[in-house]
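Student: give me a model of this one.
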Amino acid sequence: MNKPERGIQFWRGLTAGAEQLQQYKELLEVYDSRIGSFLEIDPVKGAALIQDRRGSGPLAGVPFGVKDNIAVKNFQLSCGSKILENFISPYTATAVQKLLAAGSIPVGKLNLDEFGMGSSTENSAFHPTANPWDHAYVPGGSSGGSAAAVAAGLVPFALGSDTGGSVRQPAAFCGTYGLKPTYGAVSRFGLTAYASSLECVGILADSVHTTREVFRTIMGADPLDQTSTAAPEGQADTAKSSPCTIGVLKQPEGLDAATEAVYLASIERMKDLGWTIVPIDLSTLEYVVPVYYTIATAEASANLARYTGIRYGVREQGTANHEEMVRLTREHGFGNEVKLRILLGTYVLRSGFQDQYYVRAQKIRTLILREITELFTRVDMMLMPVFPVSGFRLGSKQMTPFQQKMADKFTATANLAGIPSLSFPAGKAGQLPVGMQLMAPVFHEERLFNAAEVLSGGRPIELAPGSLVLPDGYDAKAVR
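Tutor: This next block holds a predicted model:
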């Protein structure tokens, strides 16, 4: 059976009417049973959230998935955690609401590492997600469900969240595009808080074009999120497409052989395009991981204090008193990684330790921002690896949790500085995709899109083997 082209009409055909939506749901359930990217699938319920489905914009009728830490009314909002199991969201996140207004259809909630804490989607309380390219490997995390669903052709794009690389790393592992926007460019209203000064709603998509259209739809200031802001007038330029000046690391340390080869090949590709390559040293790079985890865990310990079983979520029954109920609810409701980060955050915020750890981390964060800001006076963009290794096996000890945390230094840099970054498919390690990332100054997402468009030649991603195809007889008229 020939695979049809993945244009807009293909996706609109899947959601053209009630019968198509039901058939699409059945297709998703069959295909997703192989990889486990979804936690909830219901295109019919998603379509019911759209007031006017007659839209003609570029995203009208196009389905998408939503990471299960982003609110969609009447869908679950589990955050991949037992403590929020079966919790149904009473409202919709602003980013999702903007997509609904554009006519896009949320078809389900996607798997993640619990509360966005992890790099493999193995920390989900419900089930791990497999990489569509090789089911023995992880899809990355924490937005692993979002990346896997796009790579498997189940949806053309999905929303994720990026706190220290949680959109870009799974995008790199699964061979999709992954955008972490400028901090504040997209409203965080409806994104379950983990580390509020670092996290962003991000996009995983099957092409640069789709990524750009989704970003243009969801960006902008939101009165419901005081950290959101509109791009300064004239700053979100569409110039700098080619040629560009690209900063590259003089010595990208710690990369495995395959990742280093793809990084060097990406540099050569840029030289072939006539772009200027400028070797750079980032003196603050070695401090990124300790600073990131000090700040992220401190904010997590405060944000996750609300999960007590009193107002919502799972509540431990049969306890002797209020204190025991809260303690046992959190003990049984949170997974080990979440407990670890809460404990670390509580420790660095303790009286007598704040100056030694948290305040010092914030000062170094300022130094990181200053170095990045100065760098962008000399280069248009910076090319960085996404992750030091090309991928690792599910359930393996190839990368311990500590090693996975140390590997965040390339991605967490953008979160600490608040700058936009785009992961793009750059090569292969055997059969597994390898992604690289471009970083740009704040509110210069268009610069990233233009560069990625040139690098890709305007082509969409290569879908993983066994990706979704239409069965014979599936409403062929709507797809033509």
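Student: what mean pLDDT does stretch 279-294 get?
Tutor: Mean per-residue pLDDT for stretch 279-294: 96.
Student: can you give the contact residues for it?
Tutor: Applying Cβ atoms under 8 Å, 6 or more residues apart in numbering, the contact partners of stretch 279-294 are 164, 198, 247-250, 344, 348, 357-358, 361, 364-365, 367-368, 371, 375, 379, 382, 405-406, 408-409, 412-413, 415-416. Glycine gets a C-beta too; all of them are placed from N, C-alpha and C.
Student: buried ones in that stretch, by neighbour count?
Tutor: 280, 282, 284-285, 287-294 (16 or more other Cβ atoms under 10 Å).
Student: same check on stretch 206-225?
Tutor: Residues of stretch 206-225 classed as buried: 206-220, 222, 225 (neighbour count, 16+ other Cβ under 10 Å).
Student: sorry, back to before: out of the buried residues of stretch 279-294, which is nearest to A101?
Tutor: Lowest distance from A101 to the buried residues of stretch 279-294 (Cβ to Cβ) belongs to Y292, with 34.4 Å.
Student: how far away is the closest one from G57?
Tutor: Distance, Y292 to G57, by Cβ to Cβ, to the nearest Å: 37 Å.
Student: helices or strands up against the helix or strand where L100 lies?
Tutor: Following DSSP states H and E, the helix or strand that holds L100 is helix 94-101. If contacts are counted by 3 or more Cβ pairs under 8 Å, 6 or more residues apart in numbering; DSSP states H and E, helix 94-101 sits against strand 105-110, helix 208-218.
Student: now the angle between helix 94-101 and the shortest one, please.
Tutor: The reference is to strand 105-110. 150 degrees (axes from the mean of the first three to the mean of the last three Cα atoms, to 10 degrees).
Student: just to revisit the earlier point, so how far is the helix holding L100 from its chain's centroid?
Tutor: Its chain's C-alpha centre and that of helix 94-101 lie 17 Å apart, by Cα atoms, centre = their mean, to the nearest Å.
Student: check which residues of it are buried.
Tutor: Under the neighbour-count criterion of 16+ other Cβ under 10 Å, helix 94-101 has 94-100 buried.
Student: centroid residue for the chain?
Tutor: Nearest to the geometric centre of the chain sits V167, at 2.3 Å (Cα atoms, centre = their mean).
Student: so where do the helices sit in the stretch 1-150 of the chain?
Tutor: In the stretch 1-150 of the chain, the helices defined using DSSP state H, counting those that start in this stretch lie at 8-14, 18-32, 43-47, 94-101, 144-151.
Student: give me whichever of those is most buried.
Tutor: helix 144-151 (a mean of 36; mean count of other Cβ atoms under 10 Å).
Student: thinking again about what came up before, possible to save the helices and strands packed on helix 94-101 as JSON lines with distance to Y263 and mean pLDDT?
Tutor: Formatted as JSON lines, the helices and strands packed on helix 94-101 follow (distance: least, Cβ to Cβ, whole Å; pLDDT from 0 to 100):
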{"stretch": "strand 105-110", "distance to Y263": "29", "mean pLDDT": "98"}
{"stretch": "helix 208-218", "distance to Y263": "20", "mean pLDDT": "97"}
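Student: take these and write them to JSON lines, including distance to R188.
Tutor: Listed next are the helices and strands packed on helix 94-101 as JSON lines, based on distance: least, Cβ to Cβ, whole Å:
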{"stretch": "strand 105-110", "distance to R188": "18"}
{"stretch": "helix 208-218", "distance to R188": "11"}
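Student: what ranges do the strands span in this structure?
Tutor: 38-41, 63-67, 105-110, 157-162, 177-180, 200-205, 245-249, 276-280, 381-385, 421-429, 432-439 (DSSP state E).
Student: highest mean neighbour count out of those?
Tutor: strand 177-180 (a mean of 34).
Student: many thanks, have a good one.
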